[in-house]
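**Student:** Predicted structure and sequence below. I'll ask about it afterward.
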Amino acid sequence: MSVLLLAGSPSERSRSAALLDAVSARLRAAGATVERLQIRDLSPQALLLADTGNRSVSAAMAQVARASALVVATPVYKAAYSGVLKVFLDLLPQSALKDKTVLPLATGGSPHHMLALDYALRPVLQSLSARHILPGIYATDAQVTLTPEGAYDLVPEIGLRLDEAVTALLQERQRMRPLAAFAPVAFASVRCSY
């Protein structure tokens, strides 16, 4: 199983990136192949001009196409997901997430913006034909704290919720695995019994 971690934060180090790091460690421990896409590293001009022919943008779109599942992480600004994530999702084809399972993650300053996952991000993921969108995880600044050493620390509750979400993601992908195809049978070979 290949999982693409989509980092939607404009900052190099962020709480949403810390959630992705935690998910990545859990997925790798379960044997999943994990790739990471930092949207902020793509050409800003190409993103804003919707230049899908740009090398960095086309490579990112190919990463999305190859992945069997996505974990999308974003900070919440003004009750919505990040603009960096928005411009990238707008470039994807309408069926870019077809047959893919998506786990949305978000971080924000307070619990007041937790519904941004359901009312802002989920509809966009659905419009991109995601097969299954798992329940999202929202963490506040108090739940993903910066240590004096400069690392992020997750409270145990968020760690447990990430454990459950990764388990659900792996189980969903297992359930969606295509069954072996049967060889075609010629109509003349079909026998009916009464």
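**Tutor:** It's in.

**Student:** Strands of the protein, start to end?
**Tutor:** 2-7, 33-38, 69-77, 80-81, 101-108, 132-133, 137-140, 144-146, 152-154 (DSSP state E).

**Student:** Can you tell me who the residue nearest to the spatial centre of the chain pairs with across the strands?
**Tutor:** The centroid of the chain falls nearest to residue 71 when counting by CA atoms, centre = their mean (2.2 Å). Counting by DSSP bridges, residue 71 is bridged to residue 5, residue 103.

**Student:** need the contact list for it.
**Tutor:** By CB atoms under 8 Å, 6 or more residues apart in numbering, the contact set of residue 71 is 3-6, 20, 23, 102-105, 169. In this view, the C-beta of every residue, glycine as well, is placed from N, C-alpha and C.

**Student:** The same query, at a cut-off of 10 Å, please.
**Tutor:** Residues near residue 71 by CB atoms under 10 Å, 6 or more residues apart in numbering: 3-7, 19-20, 23-24, 27, 34, 36, 101-105, 134, 137, 162, 165-166, 169.

**Student:** measure it to residue 102 for me?
**Tutor:** Residue 71 is 8 Å from residue 102, where distance means CB to CB, to the nearest Å.

**Student:** so what sits against both of those two?
**Tutor:** 4, 6, 134, 169.

**Student:** Quick one: the helices in the protein, in order.
**Tutor:** Taking DSSP state H to define them, one finds helices in the chain at 15-29, 44-48, 55-66, 83-91, 116, 122-127, 156-176.
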